[in-house]
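# Need coordinates for the following:
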Amino acid sequence: MSILMVFRIALRALGRNKLRTALTMLGMIIGVGAVITMVALGTGAQATIEEQVKATGTNMITISPGNFSSGGVRMGEGSGELTAEDAAAIRALPEIQWVAEGVNTRQQIVYGSQNSNTSIQGTNVDWPLIKSWPIKYGQFFTEQDVQAAAKVLVMGSNVADLLFPEQDPTGLNVRVRNHVFKVIGVFTSKGASSGGQNQDDQVFAPYTTVQKKIQGNQRLNNITVSSFSADGIARAAEAIRGVMRVQNSIAPGQEDDFRVQTLEDMVAFRTQATSTLTSLLAGIAAVSLMVGGIGIMNIMLVSVTERTREIGLRMAIGARGSDVLLQFLVEAIVISIVGGTLGIAMGYGIAEFVKWYQDWPAVVPIDAVITAVGFAGVVGVFFGFYPARKAAGLDPIEALRFE
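I've put the predicted structure just below:
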């Protein structure tokens, strides 16, 4: 019997019970659709993370305190300490283009009857160069402001819009705790950072001002640097590690009490976390594929029982056991493939709906589509083989007597 004839018989048999065939396909449709949707949303999230991180500049490096062990116990961030001397030593490296000391705090900023609780980032004049962040109004503070610990602020666009709606606030004064700061500039809108923080909802001041006027200590929370090129970022990171070990008097063989992170590290960490979650969700969705496969097996066993006399008649007029096996196996595969194809369409539709309704990125990789269709076919073969083999093993005489 030709394969074309087998397909024709299989399709005719499935068409006799259209509702049952459709319900059997439903498990496969839902399973494949769920897998495609989860993979699309997870892949879209990974792509967004990569774009957000790399938008800050692929040659950026961050040094933060921590990664220190004592007695076999990892102490974590905050166990080490960064100082302005560390930043000065890093600035002297030939691989480094810009260096910005970082001090972070959160304070209430008051102007007249308006106020905003926001993040104050203490930094220096290299910050807008590292971040490629242009000024909308006014200017950024100068090196003289940093040296003098001047009480000046540059605002993110969200803070400026809240305190000074529809006006240029440069030259106006605001109050931070019991200090009066002068607004000298406003950044253009930047959006979310790689960590999801709204970069426009913060203000910037000389790090020396934040240390002396607000925090009352000389510590740095981080140091942000930029290498001359993305190709030289690995050499720059290694040079920074060497300088920091000397600065902190770390003996050979001892662990670092600081962390040096490149954007590639951040991308890898965040995408790995998202990938793990995506794999978990896809695995859960794949369970419904198995349930759909069990449904196919169940219906095919019922079909074999219902068509026992038909099978006996076919074998009586010359059909071989392999022909009967192939016929039922093809029916199971057709159910799986058609259901999988409809499931892909459903997955695409749901992903696009979520993308439109929730503004969530959704990317459907072609390998996920191919894998879903292939897996659907494998499920059809796996769960359809036993009923097909049972049909092929029927005795023709007994089958013809079956009521």
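# from here on, contacts and neighbour counts on C-alpha atoms
Will do.
# pLDDT below threshold where in the stretch 201-350 of the chain?
Along the stretch 201-350 of the chain, segments meeting pLDDT under 70 span 230, 263-275, 277-279, 281-282, 284-286.
# Tell me where it has strands.
All strands of the stretch 201-350 of the chain, identified by DSSP state E, counting those that start in this stretch, fall at 202-206, 222-227, 258-262.
# Name every strand pairing with the last one and say which way it goes.
In this case it means strand 258-262. Strand 258-262 sits in its sheet next to strand 60-65 (antiparallel), going by DSSP bridges.
# which residues touch M346?
For M346, the contact set (C-alpha atoms under 8 Å, 6 or more residues apart in numbering) comprises I29, G33.
# what does the domain assignment say about the chain?
As given by automatic domain parsing, the domain ranges for the chain are 3-51+268-401, 81-247.
# before we move on, back to that, and the strands of the stretch 201-350 of the chain: which comes nearest A332?
strand 258-262 (51.4 Å; C-alpha to C-alpha).
# looking at this, Q108 is in a helix?
No: under DSSP: H, G, I helix; E, B strand; the rest coil, Q108 falls outside any helix and is assigned strand.
# beta partners for it?
N117.
# so what's it up against?
N115, S116, N117, T118, V176, R177.
# How confident was the prediction at it?
Looking at Q108, its pLDDT stands at 93.
# What is the neighbour count of the residue nearest to L163 when sequence neighbours are not counted?
Nearest non-adjacent residue to L163, counting by C-alpha to C-alpha, 6 or more residues apart in numbering: Q114, 5.7 Å away. Neighbourhood size, Q114 [other C-alpha atoms under 10 Å]: 11.
# Check R177 too.
Applying other C-alpha under 10 Å, I find that R177 has 12 neighbouring residues.
# Please look at it and N115 and confirm they touch.
No: counting by C-alpha atoms under 8 Å, R177 does not reach N115; the two are 11.6 Å apart.
# Find residues that contact each of those two.
Q108, I109.
# Would you mind measuring from the nearest residue to R219 once chain neighbours are set aside to F258?
Excluding the flanking residues, the one nearest R219 by C-alpha to C-alpha, 6+ apart is T83, at 5.4 Å. Taking C-alpha to C-alpha, to the nearest Å as the measure, T83 falls 12 Å from F258.
# you'd agree Q97 is up against G232?
No: counting by C-alpha under 8 Å, Q97 sits too far from G232 to count as a contact (11.0 Å).
# need the strands of the stretch 201-350 of the chain in a markdown table with distance to A87 and mean neighbour count, can you?
Shown next, in a markdown table, are these (distance: least, C-alpha to C-alpha, whole Å; neighbours: other C-alpha atoms under 10 Å):
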| stretch | distance to A87 | mean neighbour count |
| --- | --- | --- |
| strand 202-206 | 15 | 26 |
| strand 222-227 | 7 | 24 |
| strand 258-262 | 13 | 20 |
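# Pipe the ones you listed into a markdown table and attach distance to V186 per row.
Converted to a markdown table, the strands of the stretch 201-350 of the chain look like this (distance: least, C-alpha to C-alpha, whole Å):
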| stretch | distance to V186 |
| --- | --- |
| strand 202-206 | 9 |
| strand 222-227 | 21 |
| strand 258-262 | 28 |
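# Looking at the ones you listed, which is nearest to Y137?
That would be strand 202-206 among these, by C-alpha to C-alpha, at 13.7 Å.
# tell me what that closest one is packed against?
strand 114-123, strand 152-155, helix 157-163 (3 or more C-alpha pairs under 8 Å, 6 or more residues apart in numbering; DSSP states H and E).
# Single out the most deeply packed of these.
Most buried of the helices and strands packed on strand 202-206, by mean neighbour count (mean count of other C-alpha atoms under 10 Å): strand 152-155, with a mean of 25.
# that older thread, I'd like to know which of the domains of the chain is closest to S64.
domain 81-247 (4.6 Å).
# Quote the end-to-end distance of that closest one.
11 Å.
# from now on call the first residue 144
That works, and once the first residue is 144, the last one we named lands at domain 224-390.
# quick check, distance from it to the centre of its chain.
Relative to its chain's centre, domain 224-390 lies at 28 Å (C-alpha atoms, centre = their mean, to the nearest Å).
# if I look at I263, how far off is Q342?
I263 is 11 Å from Q342, by C-alpha to C-alpha.
# Same check on Q358?
Taken as C-alpha to C-alpha, the span from Q358 to Q342 is 22 Å.
# Look at the two and report which has more neighbours.
Q342 (19 against 14).
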